[in-house]
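Trainee: Fold the following.
(2 chains)
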Number of protein chains: 2
Amino acid sequence: MAKVNIGEQTYVLPMATTILGSRLKDRPNFMALGWLTRVNSKPPMLGVAVSQGHASHRAIAETGEFSVNFPTVAMVEITDYVGLVSGKRVDKSELFNLFYGELSNAPMISECPLAMECKLVKTVELPTNSFFIGEIVGAYSEEQFLTEGVPDIKKINPFLLTMPDNGYWSVGELIGRAWSDGESMRKRIKRTDTGP
Amino acid sequence: MAKVNIGEQTYVLPMATTILGSRLKDRPNFMALGWLTRVNSKPPMLGVAVSQGHASHRAIAETGEFSVNFPTVAMVEITDYVGLVSGKRVDKSELFNLFYGELSNAPMISECPLAMECKLVKTVELPTNSFFIGEIVGAYSEEQFLTEGVPDIKKINPFLLTMPDNGYWSVGELIGRAWSDGESMRKRIKRTDTGP
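Mentor: Numbers count the residues shown, from 1 in each chain, chains lettered A, B, ... in the order given. Take a look at the predicted model:
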């Protein structure tokens, strides 16, 4: 089949849907966030890309702290809502029950099955966004969402985002095991390898 | 339910599974990659976090170019394989059919329904990883994977990664619409807002 050039405005497919928490002028603030990733193994760090015009951008730059909260499928409406309205005009501090870990400017959402608090270690300035890199200083869940002590995606039931079609998607079925499914192929190729 | 601290080694839940392409000593090289995100709107940029010991790390640092390829569920085994073996020891250049766009050091995988070529614009050095930020200079798909000209996740059928349980997952059902599902909540709250 012929490849077609679909232009440059393409996206990572799919993205996790999260809610970014921060403290803006002593008031907890929240926005929907899909542009994030782990960026470092040791110590654990993640990065979030935030548009420079957002209230959350100023909040993180000022306090040097933020939280990343993973909403469940039942929270689609409220997650979308915090992405539609700006903390500059609307007080979003009463929308959720909040809790705190070690950081006082990283409000975490009790209703979210998984939440992380991060301390800013580096800010990368880009043309329209800033990429805030934070060290994960604490992560919180509940026993009901864990299996053998680690977050279980089927119990957490998070949702995904696709752009530019703007769809939210559930997670499907387990289809394989990482660092395992390629093992037989590795052995097969090794057997036929005649060496250097 | 009581929140429990699950430690700092937690991950974005879930991650997209991709194959990172690069050119190592004039030979195409590939590795499985789950740590990536869009980082800038205009121009479109994405970032990939690569462990400093990986062959792909040296390749990207040397050539300043890379590709991001989105495998389909049928490619689980080969995707996992390229994550298990190092380009330092194994020649992975013959595993896929390749094509090129504008960049000569960003080999793209024909078997992947979606592929992007990126030109390095910034490298962020972190303790164990480097975060390579690239401008997306071209993205390629096939008509069969598009709906109204944009990538259709159900046609592409990519898969997800969870850590630390190391599961691969399919994408589930459409459960909502972004920048839309929160609209009625926005109107409801606006009506009851007594103003400043």
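
Trainee: shaky segments in chain A?
Mentor: In the predicted model of chain A, residues A:1, A:192-196 satisfy pLDDT under 70.

Trainee: Quick one: the helices in it, in order.
Mentor: For chain A, helices defined by DSSP state H occupy the ranges A:55-63, A:76-84, A:153-156, A:183-192.

Trainee: chain center to the first one, what's the gap?
Mentor: Translated: helix A:55-63. Distance of helix A:55-63 from the chain centroid (Cα atoms, centre = their mean, to the nearest Å) equals 17 Å.

Trainee: Pull it out as CSV, backbone CA atoms only.
Mentor: This file holds the C-alpha atoms of helix A:55-63, laid out as CSV (Å, rounded to 0.1, in the frame of the first residue of the first chain):
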residue,chain,number,x,y,z
ALA,A,55,-2.7,29.3,34.3
SER,A,56,-1.1,26.0,35.3
HIS,A,57,2.1,27.1,33.5
ARG,A,58,2.5,30.1,35.8
ALA,A,59,1.6,28.1,38.8
ILE,A,60,4.3,25.4,38.2
ALA,A,61,6.9,28.0,37.3
GLU,A,62,6.2,29.9,40.5
THR,A,63,5.9,27.1,43.0
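
Trainee: quick one: that helix to helix A:76-84, angle?
Mentor: Here helix A:55-63 runs at an angle of 70 degrees relative to helix A:76-84 (axes from the mean of the first three to the mean of the last three Cα atoms, to 10 degrees).

Trainee: contacts for helix A:55-63?
Mentor: Applying Cβ atoms under 8 Å, 6 or more residues apart in numbering or on different chains, the contact partners of helix A:55-63 are A:20, A:22-24, A:29-31, A:50-51, A:66, A:86-88, A:105, A:120, A:123, A:130, A:132. The C-beta positions use only the backbone N, C-alpha and C, and glycine is treated the same way.

Trainee: would you turn the helices of chain A into a markdown table with mean neighbour count?
Mentor: Below are the helices of chain A laid out as a markdown table (neighbours: other Cβ atoms under 10 Å in any protein chain shown):
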| stretch | mean neighbour count |
| --- | --- |
| helix A:55-63 | 20 |
| helix A:76-84 | 22 |
| helix A:153-156 | 18 |
| helix A:183-192 | 12 |
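
Trainee: okay, these in JSON lines with distance to residue B:46 next?
Mentor: Below are the helices of chain A laid out as JSON lines (distance: least, Cβ to Cβ, whole Å):
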{"stretch": "helix A:55-63", "distance to residue B:46": "19"}
{"stretch": "helix A:76-84", "distance to residue B:46": "20"}
{"stretch": "helix A:153-156", "distance to residue B:46": "23"}
{"stretch": "helix A:183-192", "distance to residue B:46": "28"}
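
Trainee: between these, which gets nearest to residue B:140?
Mentor: The closest of the helices of chain A to residue B:140 is helix A:183-192. By Cβ to Cβ, the value is 25.8 Å.

Trainee: So which of the contacts of helix A:55-63 reach chain B?
Mentor: residue A:51 (Cβ under 8 Å from any Cβ of the partner chain).

Trainee: Can I have the buried ones of the contacts of helix A:55-63 as a PyMOL selection?
Mentor: Those of the contacts of helix A:55-63 that count as buried under 16 or more other Cβ atoms under 10 Å in any protein chain shown are selected in PyMOL with:
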select buried, chain A and resi 20+22+23+24+29+30+31+50+66+87+105+120+130+132
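
Trainee: In strands, which of the contacts of helix A:55-63 appear?
Mentor: Secondary structure from DSSP state E places A:20, A:22-24, A:29-31, A:50-51, A:66, A:120, A:123, A:130, A:132 of the contacts of helix A:55-63 in strands.

Trainee: Widest-spaced pair of those?
Mentor: Greatest spacing in the ones in strands among the contacts of helix A:55-63, by Cβ to Cβ: A:30 and A:123 (20.1 Å).

Trainee: In contact with the nearest residue to residue A:84 once chain neighbours are set aside, which residues?
Mentor: Distances taken as Cβ to Cβ, 6 or more residues apart in numbering or on different chains place residue B:182 nearest to residue A:84, at 4.7 Å, with adjacent residues excluded. With contact taken as Cβ under 8 Å, 6+ apart, residue B:182 is in contact with A:77, A:78, A:79, A:80, A:81, A:82, A:83, A:84, A:85.

Trainee: how near is the residue nearest to residue A:12 when sequence neighbours are not counted to residue A:91?
Mentor: Using Cβ to Cβ, 6+ apart and skipping residues adjacent in sequence, the residue nearest residue A:12 is residue B:16, 5.2 Å away. Residue B:16 sits at a distance of 34 Å from residue A:91 (criterion: Cβ to Cβ, to the nearest Å).

Trainee: out of the two, which sits in the busier spot?
Mentor: More crowded of residue B:16 and residue A:91, by other Cβ atoms under 10 Å in any protein chain shown: residue B:16, with 25 against 14.

Trainee: just checking, the more buried one touches residue B:160?
Mentor: Yes: with contact defined as Cβ atoms under 8 Å, residue B:16 counts as touching residue B:160 (6.5 Å).

Trainee: So for those two, which residues contact both of them?
Mentor: Joint contacts of residue B:16 and residue B:160 (Cβ under 8 Å, 6+ apart) are residue A:14.
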